[in-house]
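# When you get a sec, could you give me coordinates for this:
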Amino acid sequence: MIMNVNNISQGYGDNLVIDDISFTAESGELLTILGPNGCGKSTLIKTLCNVYKPKNGTICIDGKDIHAMEPMDLAKLIGYVPQSITNFGYSTVYDLVLIGRRPYVDWAYTSNDLGIAADAMITMNVNAYIDKDVQELSGGQRQRVFIARALAQNPEFYIFDEPTSSFDLRNQLDTMRIMKNIIRDKNACLIVALHDMNIAIRYSDRVMVLNNNKIYNIGKPKDVITSKMIEEVYGVTADILEDKNGLFVRAYDSATDVVEDRA
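Down below sits the predicted model:
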């Protein structure tokens, strides 16, 4: 399947946060959105998920405008995980993950629905918390639960807004590896907003950089994540280095001291 984003603009009042954004995303690929704070990553993600209707432009999946779709039909196509969720009332982990099956339920959950939800919890390693109130979990644990809910939803497009921001390094790598395998095995698509350029280099098929309300560049990670881009977009001096594990970014502060050096 193909998502076509055509000339969308979005903002708040008269302030445009993103302007004239066009790109495609298709089954089998992982597309990462990068950019500095305030560049519009979250606004773009919410617009792609139909949380916000664009001020201009269209978003179509296989030629169908998502804003003309019934909510349950759209939920079978798009699984959204926001950056953070703080108000969701009382819910056990199991109940929350099972909500991901609602687009497919006519009268009651089937044994197949229960099995899919259980598999999603195991995949995200939250099955040990199955009967816990979600509010009792840590931020990272909660985020894994919401990703598990998206997995149970089994959409064609997973759209995540900084899903690893609450994770330690091990869980960041585990989550990106899991999602990379899922989109390949199911021929789905993941569109994900991240801050970590090294994770983007490691796992992305394509990278899109936002800056000044527009797309700065989009393409393969090695072609987009460059020293020139990092200096122009982030105002930071950086080297793109390569070792036996692949490319990685090493950035410096104004005094040329190393501030980041990790694969």
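# can you list the weak-confidence ranges in the stretch 51-200 of the chain?
With pLDDT under 70 as the threshold, the stretch 51-200 of the chain has low-confidence stretches at 85-89.
# Kindly recompute the last result at 80.
Regions of the stretch 51-200 of the chain meeting the criterion pLDDT under 80 cover residues 84-90.
# List the residues that contact I215.
Applying Cβ atoms under 8 Å, 6 or more residues apart in numbering, one finds that I215 lies in contact with I21, S22, F23, M208, V209. The way it works is simple: take the backbone N, C-alpha and C, and place the C-beta from them, glycine included.
# Tell me which two of the residues you listed sit farthest apart.
S22 and V209 (14.5 Å; Cβ to Cβ).
# and the two? which has more neighbours close in?
Looking at S22 and V209 with other Cβ atoms under 10 Å, you find the greater number of neighbours at V209, namely 27 against 12.
# Now do the more buried one, the pLDDT please.
According to the per-residue confidence, V209 scores 98 in pLDDT.
# Which of the helices or strands spans it?
Assignment of secondary structure by DSSP states H and E places V209 within strand 206-211.
# give the contact list for S166.
By Cβ under 8 Å, 6+ apart, the contact list for S166 reads S84, S138, G139, G140, R142, Q143.
# Mind checking which of those are buried?
Of the members of the contacts of S166, the ones counted as buried by neighbours, 16 or more other Cβ atoms under 10 Å, are G140, R142, Q143.
# Following the strand holding V209 in sequence, what is the next regular element?
With DSSP H and E setting the assignment, the helix or strand that follows strand 206-211 is strand 214-219.
# what comes up buried for the longest helix seen in the chain?
Among the elements of the chain assigned as helix by DSSP state H, the one spanning the most residues is helix 169-186. Across helix 169-186, burial judged by 16+ other Cβ under 10 Å covers N171, Q172, L173, D174, T175, M176, I178, M179, K180, I182, I183.
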